[in-house]
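Enquirer: The following block contains a protein sequence and its predicted model.
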Amino acid sequence: MQGQQQQAYDRGITIFSPDGRLYQVEYAREAVKRGTASIGVRTAEGVVLAVDKRIRSPLMERTSVEKIHKADDHIGIASAGHVADARKLIDFARRDAQVNQLRYGEPIGVETLTKDVTDHIQQYTQVGGARPFGVALIVGGIEDGEPRLFETDPSGTPYEWKALAVGADRGEIQEYLETNYDETADLEGGIELALSALATANEDGLRPEGVGMATVDAESEQFVQLTDDEVGEYLESFDLLAADEDDTADEDDAADEDSEE
Amino acid sequence: MQGQQQQAYDRGITIFSPDGRLYQVEYAREAVKRGTASIGVRTAEGVVLAVDKRIRSPLMERTSVEKIHKADDHIGIASAGHVADARKLIDFARRDAQVNQLRYGEPIGVETLTKDVTDHIQQYTQVGGARPFGVALIVGGIEDGEPRLFETDPSGTPYEWKALAVGADRGEIQEYLETNYDETADLEGGIELALSALATANEDGLRPEGVGMATVDAESEQFVQLTDDEVGEYLESFDLLAADEDDTADEDDAADEDSEE
Amino acid sequence: MQGQQQQAYDRGITIFSPDGRLYQVEYAREAVKRGTASIGVRTAEGVVLAVDKRIRSPLMERTSVEKIHKADDHIGIASAGHVADARKLIDFARRDAQVNQLRYGEPIGVETLTKDVTDHIQQYTQVGGARPFGVALIVGGIEDGEPRLFETDPSGTPYEWKALAVGADRGEIQEYLETNYDETADLEGGIELALSALATANEDGLRPEGVGMATVDAESEQFVQLTDDEVGEYLESFDLLAADEDDTADEDDAADEDSEE
Amino acid sequence: MQGQQQQAYDRGITIFSPDGRLYQVEYAREAVKRGTASIGVRTAEGVVLAVDKRIRSPLMERTSVEKIHKADDHIGIASAGHVADARKLIDFARRDAQVNQLRYGEPIGVETLTKDVTDHIQQYTQVGGARPFGVALIVGGIEDGEPRLFETDPSGTPYEWKALAVGADRGEIQEYLETNYDETADLEGGIELALSALATANEDGLRPEGVGMATVDAESEQFVQLTDDEVGEYLESFDLLAADEDDTADEDDAADEDSEE
Amino acid sequence: MQGQQQQAYDRGITIFSPDGRLYQVEYAREAVKRGTASIGVRTAEGVVLAVDKRIRSPLMERTSVEKIHKADDHIGIASAGHVADARKLIDFARRDAQVNQLRYGEPIGVETLTKDVTDHIQQYTQVGGARPFGVALIVGGIEDGEPRLFETDPSGTPYEWKALAVGADRGEIQEYLETNYDETADLEGGIELALSALATANEDGLRPEGVGMATVDAESEQFVQLTDDEVGEYLESFDLLAADEDDTADEDDAADEDSEE
Amino acid sequence: MQGQQQQAYDRGITIFSPDGRLYQVEYAREAVKRGTASIGVRTAEGVVLAVDKRIRSPLMERTSVEKIHKADDHIGIASAGHVADARKLIDFARRDAQVNQLRYGEPIGVETLTKDVTDHIQQYTQVGGARPFGVALIVGGIEDGEPRLFETDPSGTPYEWKALAVGADRGEIQEYLETNYDETADLEGGIELALSALATANEDGLRPEGVGMATVDAESEQFVQLTDDEVGEYLESFDLLAADEDDTADEDDAADEDSEE
Amino acid sequence: MQGQQQQAYDRGITIFSPDGRLYQVEYAREAVKRGTASIGVRTAEGVVLAVDKRIRSPLMERTSVEKIHKADDHIGIASAGHVADARKLIDFARRDAQVNQLRYGEPIGVETLTKDVTDHIQQYTQVGGARPFGVALIVGGIEDGEPRLFETDPSGTPYEWKALAVGADRGEIQEYLETNYDETADLEGGIELALSALATANEDGLRPEGVGMATVDAESEQFVQLTDDEVGEYLESFDLLAADEDDTADEDDAADEDSEE
């Protein structure tokens, strides 16, 4: 089903196509693919989040490309897609976590938080007057001492994963994860898997400033963002470091990405 | 009635076509068919819910493909279609059950719960500003000691059944149920019927992780979800077990399904 | 007036066509015709409601095909058309009857109830943001000791009848009623007329499970729904019983009906 | 101005055409013409309302074809056009009369009531989100001892008349009224004029059951609806009685009228 | 700029055309021209309002063709165009005058009243969801002992005049006023001018019943409507009386006018 | 960018065109150009406002063509474009000035007032449901003893000027102002400049009644509107007086302007 | 993807295109490019803001071209694009800063302020009924003693920069900044870089009145706007001063820019 007939169904978000699809939701998934990749890996010792951080200009502060966010002490979120939309969902998640803490006197569960977020997303796919969120989130944290890793997609569906990628090159990276995932790996094993997977989409290797990384380990139950130095050490030890330090993203490509990333 | 004229009536949900049909509701039924099959069987001893759980990747947690939900201690719900929509209706059902318990001091009836849900669904087919729910539910439970089994469809109509299938391959599975249903069967008989019916849509047999299953037996009046091991034992005893353990759904197909299932 | 010009007026419900018609209301009448027939007969001793109940599968509970509803102790309602819409109007009618009882300390009149319902229906044909109700109701009951029988149509007009049919085959059945109606008949005479009329649209005769039936007699002023056995006895005594017990509605036809009936 | 250009202006009610017309209001007048005729005659002794009551089936209660309504003790209203719309305006008029009685301790004036109704109608022709009322009303009553007779049209304009017809065959009937109106006639003279005028649109004569009639005489200031017997006596004395009693409206024609009348 | 391109801008009222015009407002002016003429004349002794009152049928009460309205004791308003719209603005003006009296303890100024009305009209040309008012008003009265005469147009602009015409034949009548206006004329001179001007658009002369007339003289500061006899005497004395008394407006023409006038 | 593609972006005001323009705002500027010219000149001694006042008929009161308004004792506003829109903004400005006086006990600043008005205007260019204001204002007054002169345009942007023209012939008049402006001129010099500039767009010279004029001098800080006599004396002394007194605007042209001016 | 298909997605802001883009947001970026350039430079000693201020006429006050705004004592904002939109966001930022001061008793952080603004911007890209903001802001200030420099874009994404340009000629200017940026530069070095960069887009050199400039130095933490004299001295010392003082922007070009600038 292509062309003119399709047009009829993809203009309004609250409308099913004759074959039962919601085109606006599917197009929002395309917005996710336009963002650079984000990866989550669950290990026995905790969860690992790793993201591809490209910048438009060497004068842009890499820290301002926010793709990893702290939702609560014990939960981190990585995003791919429309940045401003991601910020809105992260705000929702943080407030949700705070309310839970205030109301029940205990940290919110990773699954509960994820599902509160997906229920919020679903509203934007059924009720008129707004578009869906053009972003996918990877929610990772510790719940009852156990590492948990979830995905939210633009339709508002929650999925739980051992390891996953969202955003650009998802297919290639996910394949790498599936081939190399080892449930018995420790946190460092998870970090290696995440970085190696990320490297599959970056032919020339990775640079510390081009990678964002965070972990939530099961013991401390604390979200920790890695410094560039720490990332650099890992890249070096895993032999993933790019040879040439000077590869600011090509201006033209980056300009095209800037609303997504 | 095809082509351009049809377009005129299926863009807005609150509009009848000249032959008295509501196209958006019919398209929502297509969204249900895009989901994998769910089955309900009522026996003298209780109700059985069984669902086909396919996953996109071996790294996805099968438990996160939520197709069977506990609505109340004595009521379970299986869904087929748009997952995020299902979650919204399940939330509605759970709150409805709680309110009933608080107000009347007794568990909500299965029929009452179903009809509260369908009345809620109907609103989305008549009033503008939203699309219909793209999901069908099978509501099973015990009421006054008797097993009851209902269906809700996207038009908001409640139906009561002895046994039914919704979602993909409904026609084939329903035919199997009609041919093989035995009102005098006990709960295990119901489980066998449900699994055998589900197998008609899976040529290579079933695997425990690919099947979700729950029962509400008339004596305990408790919703119980079966473990993979329990499902595996049943599959083995009914000779429905797949020979080859390694059949993750083909990536392409699964990707197409992920908004529905 | 056909084709492209007609399209211009039937997309929005709040718009008159150049010849003064409201197409959405007329299309809602088509939705009524898509439902199976319902019949009402007023006799000197009370009112009789009879409905054609077809099911999609032998596993569907016939009782869940709700076409006859109790609105109050002394008033019954039969519907034809979009089932979910009917349920919404029945709810409205029941609440209206309760409010009347609470406010005035006496049962609501049949005419008052009907007109409250039709005024409610009219709103959906004039104010934007919603579609009309795709259902017709037959409201029968006792008022001041007298049997009364009313119809509500999708335009929101109330009519009073001695006997009427709504839904599929209305023309044929109504003709039968006009030819055979006898104002002096007693309740059993009314039951015979209703069943005979219903049989005109079922060439192979009727089966008890395929017929829903209720009465409100003038003496008891109580709505009473007849059991399958009672219906069966009447069918036998009137020689209307189908020869063959095994005629589940053809799957294809029934599937087509399921949103209407 | 015909065809495509006209379409541009008649889809929305709140829009003027280039030549300053409001098409939706004009189409609502067509809905009035689709209804059977209603007549009002003002005499020195009171006002007379007479309406053509056609029914779809001999089993329909003629009394349920409501075209004459009591608005207050001293005011009657006859309608032509969309019945459900008429009912809504009558409700508005009745509440308006009650409020006036409560607030000022005296009956509402006929002119005041009419203008309150037309102001209400006007709203539906200027503000978006609803269609105009597809009905014309004849409001007759006694004010300060004087008979008054008004018309409301779908634009919301009030007119005062000595005698008028609305609905089908308005041109022919109005011409008859103009030729035969006599200001000095008494109430019976007014009844004769009204029935004779109505007969011009019914070639085969009139039948008591096919005519609705009411008067408000200046002395009693009471709205009185005539019985079929009384109407029959008048028809006989004026030689307007149809020869053949058996003329139920042709089924096809009547079916076409049922939303209007 | 004609044809298809124009369509794009005249469908919604809140939109400018590329050349800066508001088509809906211009079309509303056409609605004014569809109404029969109204004239206002300011003299040293007071203001004169005169209107052309055509009726559809000799049975219609000429008094019910309301084109001259009393807004307050000292202010009269004549209208041309859509009658129901005029009534709404007159209601607004009357309430405005009452509120002013209550709040400030003195009669409202003619200019203040006019500008309150035009500000109200302007809202309907800028904010969506409603159409402009299809009517022009002539507001005449006494303010601080001085006669004042204003016009409101569909754009919501107030103008002050010595003498003006609105409605059908405005061009011709205004030309007559410009040629013959004499600032030193007394009230009777103003009446003669108004009637003579009105006669230019009625080739066969005027009849008392076809003319509405009112004055507000500077001394009494009272709005006074003239009787048919008084109008007749003026017509006779000015030699403007039609020869033939029997000229009810042609039915066809009148029918076309009835929504406007 | 012309023709069909442009149409797509100029229908709704809240939409950017692909090249980043807001067409409705640009069309509103066209509405400003359709109005006759208004001029503001700032001198060392105060500000001067001068406007071109054309009328449709010699019977129209020139004073009712309101193009110069007093916003506060020390601030005057001249407008060009849609008159009714101007009145609405003037009302806003007056209320704003009063609120400022009440709240802070001192007169509002000219810049503050201007920016409050432009912020109000901006709302109508971003939020849906209304069109932009089709008017430009020249706001002149004294602030802290200094003459200030501002412009508001339909986009809601405030500009400060030494001297400017808005409305018809802006280009020509502005050029004259640029060539002849002298910052050291006194108030009379400003009046001469304004009138001379206005004369460039009126080939046959100016007439006192065709010109509106006001000043706010820095000493008195009082808005003063000049009488026709005063304007006449200035015109004579600057040799700008038209030879022929009888030039009412051509009826056809004027009719075209009347909604703008 | 060009032409007709693109049209389908760029008319409504709340809709994704099939490739996941939000066209209205991208078009709003075009509105930014239509504005003259603004530059921000962060140095070790503070931040520098510099803007290109072109005027339409020598009579326009250059100070009224507001492109640099004080948001709080320690934060300045430079804008490029639609001026009226910029004013609205500046108002939002100022109120936000005040609320923060009142609530927490300390100045708002530069990052916090920026993100509050971008979250506000995002709303206008997701919820219907309004268009996005057609403006980019450069937010510079001191936070915890450190200079910070941020950008907000029409999608609502915040970026942190060492130095950046927005508006016309962004590409060229940004390239200059990248080549010449020196992190160790002092405030004067930052001023030189900003002015030199600005000069790349002004072939004939810069004039003091054509440049707006402000600094927030880390020691005083005070926003300071430079006078024309100060700017002139810098231009002279950096040899950037234009030779010829008389270059008012060409009238035609400027007219095109006036809604943006």
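Expert: Sure, I can see it.
Enquirer: Close to chain B: what parts of the stretch 51-200 of chain A are there?
Expert: In this structure, the stretch 51-200 of chain A approaches chain B at residues A:115, A:118-119, A:121-122, A:125-129, A:150, A:153, A:155-164, A:171, A:174, A:177-178, A:181, judged by CB under 8 Å from any CB of the partner chain. (Glycine included, C-beta is placed from N, CA and C.)
Enquirer: Please pick the buried ones from the residues you listed.
Expert: The neighbour count (16 or more other CB atoms under 10 Å in any protein chain shown) marks A:115, A:118-119, A:121-122, A:125-126, A:150, A:153, A:155-164, A:174, A:177-178, A:181 as buried among those.
Enquirer: Which members of the residues of the stretch 51-200 of chain A next to chain B occur in strands, if any?
Expert: In strands, defined here by DSSP state E, the members of those are A:Phe150, A:Pro158, A:Tyr159, A:Glu160, A:Ala163, A:Leu164.
Enquirer: so what's the last one bridging to?
Expert: Each beta-bridge partner of A:Leu164 is listed here, defined by DSSP bridges: A:Gly40.
Enquirer: how near is it to A:Asp119?
Expert: Taking CB to CB, to the nearest Å as the measure, A:Leu164 falls 20 Å from A:Asp119.
Enquirer: And the residue in the stretch 151-261 of chain A that chain D sits nearest to, how close does it get to chain F?
Expert: Nearest residue of the stretch 151-261 of chain A to chain D (CB to the nearest CB) works out as A:Gly156 at 30.7 Å. Using CB to the nearest CB, to the nearest Å, we find A:Gly156 at a distance of 27 Å from chain F.
Enquirer: got it, and A:Glu188?
Expert: Applying CB to the nearest CB to A:Glu188 and chain F gives a distance of 50 Å.
Enquirer: Distance from the chain centre to the host helix or strand of that residue, please.
Expert: Per DSSP states H and E, A:Glu188 falls inside helix A:187-199. Its chain's C-alpha centre and that of helix A:187-199 lie 15 Å apart, by CA atoms, centre = their mean, to the nearest Å.
Enquirer: After that helix, heading C-terminal, what element do we hit next?
Expert: Following helix A:187-199 toward the C-terminus (DSSP H and E): strand A:211-217.
Enquirer: Remind me what that next one packs against, helices and strands.
Expert: strand A:46-52, strand A:68-72, strand A:75-81, strand A:135-143, helix A:187-199, strand A:223-225, helix A:228-237 (3 or more CB pairs under 8 Å, 6 or more residues apart in numbering or on different chains; DSSP states H and E).
Enquirer: Mean pLDDT, distance to C:Lys67 and mean neighbour count for these - can I get that in JSON lines?
Expert: Output for the helices and strands packed on strand A:211-217, formatted as JSON lines (pLDDT from 0 to 100; distance: least, CB to CB, whole Å; neighbours: other CB atoms under 10 Å in any protein chain shown):
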{"stretch": "strand A:46-52", "mean pLDDT": "97", "distance to C:Lys67": "55", "mean neighbour count": "29"}
{"stretch": "strand A:68-72", "mean pLDDT": "97", "distance to C:Lys67": "52", "mean neighbour count": "22"}
{"stretch": "strand A:75-81", "mean pLDDT": "97", "distance to C:Lys67": "49", "mean neighbour count": "28"}
{"stretch": "strand A:135-143", "mean pLDDT": "98", "distance to C:Lys67": "47", "mean neighbour count": "28"}
{"stretch": "helix A:187-199", "mean pLDDT": "97", "distance to C:Lys67": "59", "mean neighbour count": "22"}
{"stretch": "strand A:223-225", "mean pLDDT": "98", "distance to C:Lys67": "59", "mean neighbour count": "18"}
{"stretch": "helix A:228-237", "mean pLDDT": "96", "distance to C:Lys67": "68", "mean neighbour count": "16"}
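Enquirer: Relative to F:Thr63, which of these is closest?
Expert: strand A:135-143 (61.3 Å; CB to CB).
Enquirer: Export that closest one to PDB, keeping only CA atoms.
Expert: Extracted as PDB, the C-alpha positions of strand A:135-143 are listed here (Å, rounded to 0.1, in the frame of the first residue of the first chain):
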ATOM      1  CA  VAL A 135      11.800   9.000  20.900                       C
ATOM      2  CA  ALA A 136      12.700   5.500  22.300                       C
ATOM      3  CA  LEU A 137      14.000   5.100  25.800                       C
ATOM      4  CA  ILE A 138      16.200   2.500  27.400                       C
ATOM      5  CA  VAL A 139      15.400   2.300  31.100                       C
ATOM      6  CA  GLY A 140      17.900   0.500  33.200                       C
ATOM      7  CA  GLY A 141      18.200   0.000  37.000                       C
ATOM      8  CA  ILE A 142      18.100  -2.200  40.000                       C
ATOM      9  CA  GLU A 143      14.900  -3.600  41.400                       C
END
